[in-house]
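>>> Here is the input, now give the coordinates:
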Amino acid sequence: MFNEKAGLGEKSYFLSNPDCFFHRYADTGFKNKWTGFWVGEQKLLEFVAFKVGEEFLSEKNIVSFNYDYSKAIHFHVIGNRQIEQKVWIPKEKPVLLVELSSPREINAEMLLALNFRKRTENFHSRQYSVKMEKNALRVDSNNQRLFLLPLNCEFSFSEAPRYETHYPAGEKQCYFCPGKIQLKGKTISLMLSPLDLNVDYKKPLLKEKESHMASFASFLKSNSKELEQFFNFSALSIELLRSSKSYYAGLPWFSQHWARDVFWSLPAITELGLFDFSKQSLLFFAGHSRDGRIPNFVNGEKNFNSIDATPLFVLALCNFISYSADKKFLGKTLLRAMQSIAFLEENIADNSLIVHDLNANETWMDSIKRNDSAIEVQALALKAFESFSEMLSMAGMGESRGLNKRINVFRQFFPSVFSLGNGLFADRIEGTKKDPTKRINVLVPMLLGQIKSSEQFTLFESAEFSAKKGITSISMNDSRFNANSYHEGSVWSLGNAWLSAAAFALGDKEKGFSLLKSHCSDFWENALGCIGETWNPLNGQLTGCGLQLWASAMTIRIIDELMLGIKANAFENHISLNPRIPREITSVKRKMRLGKKEFVLSIERRNGKINAKASNKKIKIDVLQE
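Modelled structure (predicted):
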């Protein structure tokens with residue numbers, strides 16, 4: 001899928017399952033404190049290296065690299081011999097497998113460097129103990145353990161413990177080497193895990209993992225191979241972030257459950273037909289809500305510093321019900337949604353706007369204070385009120401006069417109350433004052449179709465916002481602009497996706513697709529097959545996570561909801577299409593699910609007309625021509 005020969009030192013990769021993840025560079029390097037083998041937020045492996053003869057398998061002798069989301073293969077040449085180093089993680093359980101293979105027998109020494117630390121820790125003075133336990137090497141420290149089990153090779157171990165300090169990416173870290181490990185065989189296979197590998201644990205099958213990941217690579221087919229890759233790579237990278245409870249916000253360091261990130265992303269997961277995973281996430285966060293307020297994140301402790309997680313939850317729930325027609329689940333969660341709507345209404349001030357950031361930073365730009373009423377919060381609240389009204393209808397409860405009144409009031413003054421004139425809009429309102437700061441947040445009501453402003457879009461495409469890797473979070477002409485600032489300078493993949501979505505929402509399908517291509521170019525840069533979080537706008541260097549949930553999820557949403565214009569009603573087995581399909585795309589086949597019905601939605605352009613049909617004849621389709 002990714003066959004790389006150049007720039008391997010700049011490209012990294014992720015392997016994962018819901019229990020663990022592995023992060024490394026394509027040239028075999030472990031270059032910062034985030035690379036290695038992790039089980040949840042517990043790091044176990046700092047790095048591993050293999051010495052063959054007098055030379056380590058390293059960036060000096062690697063000639064190419066392959067990656068397909070299920071495994072990574074590093075190809076080395078030492079002298080006149082070829083050696084493959086394969087790494088993979090099974091479909092389930094916290095296990096890392098490493099395999100060396102060559103046409104001739106390999107005699108190798110393994111350098112095993114361990115660092116048992118939490119995500120929030122750095123340098124420590126922890127001590128380790130080592131012993132052979134049956135066929136496995138066992139290392140213990142601080143109630144953590146790691147087993148190393150050889151599978152089909154000669155293995156010898158001589159205990160020679162040593163503690164070392166190093167500075168990956170300039171940060172002081174420590175590691176422990178248990179001793180000298182000698183390996184011999186044409187194929188050398190090793191398993192590493194905190195599980196007791198001596199207790200009835202068989203080697204997992206790589207084919208099982210490959211088959212599992214391959215199921216995420218066929219959701220969309222098109223005459224446009226770019227579109228096909230954008231969609232299917234997004235589905236695959238979302239699966240890399242699935243946890244046992246929901247989805248992580250990003251890897252390698254956002255391995256926690258952030259509601260805002262999840263609920264911007266969950267419609268994409270629903271639209272992929274992954275209903276069980278969507279339900280799991282909805283129930284997980286709803287179960288941790290407080291008086292209708294959805295927590296900011298749940299990670300042992302709960303944090304409620306998010307004003308937008310709550311309306312996003314309502315939007316995601318409505319989207320799920322529309323696709324699943326799961327009335328039982330609707331009945332189970334409708335009260336939670338009602339409480340969330342009540343929470344939003346309780347925070348409406350006398351000026352009819354939602355207020356926030358009074359005691360903490362509560363918007364997605366949580367490194368800065370944006371009281372009293374941010375524009376994207378109002379946009380999401382209005383959409384939440386409308387979505388809840390839809391859910392009442394789906395539940396057969398009829399209309400709510402009070403809710404309809406609230407929706408009408410919101411529609412009457414929003415977004416006009418934020419207008420600065422000349423087609424531009426304020427970022428927020430503080431008291432009675434409009435904040436004219438030029439930030440990207442107005443893109444939210446634009447992509448939701450609540451604001452249609454070519455002037456605002458033109459501003460975002462101007463030199464004030466155009467940087468390497470995309471749109472800056474604040475105008476580069478603003479005195480507060482700082483290329484190293486998280487929310488007052490950085491380029492965000494979320495902002496890039498919003499800009500593409502806004503272009504489609506404005507009806508400019510060619511511009512929308514061009515921006516989507518730019519957004520998705522990161523699949524071939526930084527972390528292969530993934531889209532990152534943030535970049536420095538001046539040099540284009542990745543500054544955030546290499547794999548970010550909403551970056552991939554928004555790609556799917558842009559294609560499904562805006563380019564193809566899919567609106568689902570599973571209760572009536574009906575799909576309406578309002579397509580905005582670029583000229584270069586003439587055919588799309590989208591594997592879908594409505595309720596319990598799985599089918600392929602085929603869309604073609606013939607003689608300037610869009611035609612659509614479903615492989616299941618019970619699915620009714622209406623097409624609004626472009």
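>>> give me the beta-bridge partners of the residue located most distally from the centre of the chain?
In the chain, the residue that sits farthest from the middle, by C-alpha atoms, centre = their mean, is S158; the gap is 42.4 Å. Counting by DSSP bridges, S158 is bridged to K180.
>>> Please report how far it lies from G185.
Between S158 and G185 the distance is 18 Å, computed by C-beta to C-beta, to the nearest Å. The way it works is simple: take the backbone N, C-alpha and C, and place the C-beta from them, glycine included.
>>> now swap in A286 and tell me
52 Å.
>>> where in the stretch 51-200 of the chain is pLDDT low?
200 (pLDDT under 70).
>>> for the stretch 401-550 of the chain, what spans make up the helices?
401-413, 443-447, 454-460, 493-505, 509-520, 549-557 (DSSP state H, counting those that start in this stretch).
>>> can I assume the residue farthest from the centre of the chain is in contact with G179?
Yes: counting by C-beta atoms under 8 Å, G179 is a contact partner of S158 at 5.3 Å.
>>> for the stretch 501-626 of the chain, which spans come out with low pLDDT?
In the stretch 501-626 of the chain, no residues with pLDDT under 70.
>>> quick one: the strands in it?
534-535, 547-548, 566-569, 574-577, 587-594, 597-606, 609-614, 620-623 (DSSP state E, counting those that start in this stretch).
>>> The stretch 201-350 of the chain now?
Using DSSP E, counting those that start in this stretch, strands in the stretch 201-350 of the chain cover 220-222, 250-251, 257-258, 297-299, 301-303.
>>> So for the third one, mean pLDDT?
So the one you mean is strand 257-258. Averaged over strand 257-258, pLDDT sits at 96.
>>> The fourth one now?
Along strand 297-299, the predicted confidence averages to a pLDDT of 89.
>>> What is it packed up against?
Using 3 or more C-beta pairs under 8 Å, 6 or more residues apart in numbering; DSSP states H and E, the elements in contact with strand 297-299 are strand 257-258.
>>> Now do the contacts for the nearest residue to I89 once chain neighbours are set aside.
Excluding its sequence neighbours, the residue lying closest to I89 (C-beta to C-beta, 6 or more residues apart in numbering) is L15, at 4.5 Å. For L15, the contacting residues are 21-22, 69-72, 87-89, 240, by C-beta atoms under 8 Å, 6 or more residues apart in numbering.
>>> among those, which are in strands?
When DSSP state E is applied, the contacts of L15 are split such that 21-22, 71-72, 87-88 fall in strands.
>>> Would you check which pair of the residues you listed lies furthest apart?
F21 and K71 (13.8 Å; C-beta to C-beta).
>>> Give me the more crowded residue out of these two.
Remark: of F21 and K71, F21 carries more neighbours, 25 against 19, as counted by other C-beta atoms under 10 Å.
>>> Next, find the distance separating that one from E159.
Taking C-beta to C-beta, one finds F21 at 29 Å from E159.
>>> A505 too?
64 Å.
>>> so who does the residue minimising distance to the centre of the chain touch?
Centroid-nearest residue in the chain: L549, 1.2 Å away (criterion: C-alpha atoms, centre = their mean). Residues in contact with L549 (C-beta under 8 Å, 6+ apart) are 238, 241, 247-250, 261-262, 265.
>>> is it true that G449 touches L506?
No: with contact defined as C-beta under 8 Å, G449 does not reach L506; the gap is 9.0 Å.
>>> Keeping just the C-alphas, turn stretch 114-130 into CSV.
Listed next in CSV are the C-alpha coordinates belonging to stretch 114-130 (Å, rounded to 0.1, in the frame of the first residue of the first chain):
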residue,chain,number,x,y,z
LEU,A,114,12.9,-1.1,28.2
ASN,A,115,11.3,2.0,29.8
PHE,A,116,8.3,1.3,32.0
ARG,A,117,6.7,4.7,32.4
LYS,A,118,3.4,6.5,32.2
ARG,A,119,2.5,8.9,29.4
THR,A,120,2.9,11.9,31.8
GLU,A,121,6.3,10.7,33.2
ASN,A,122,9.7,11.5,31.8
PHE,A,123,13.1,10.6,33.4
HIS,A,124,12.9,8.3,36.4
SER,A,125,15.1,6.1,38.5
ARG,A,126,12.9,3.0,38.5
GLN,A,127,14.7,-0.4,39.1
TYR,A,128,14.0,-3.6,37.2
SER,A,129,14.3,-7.3,37.9
VAL,A,130,15.0,-10.0,35.3
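>>> Okay then, goodbye and thanks.
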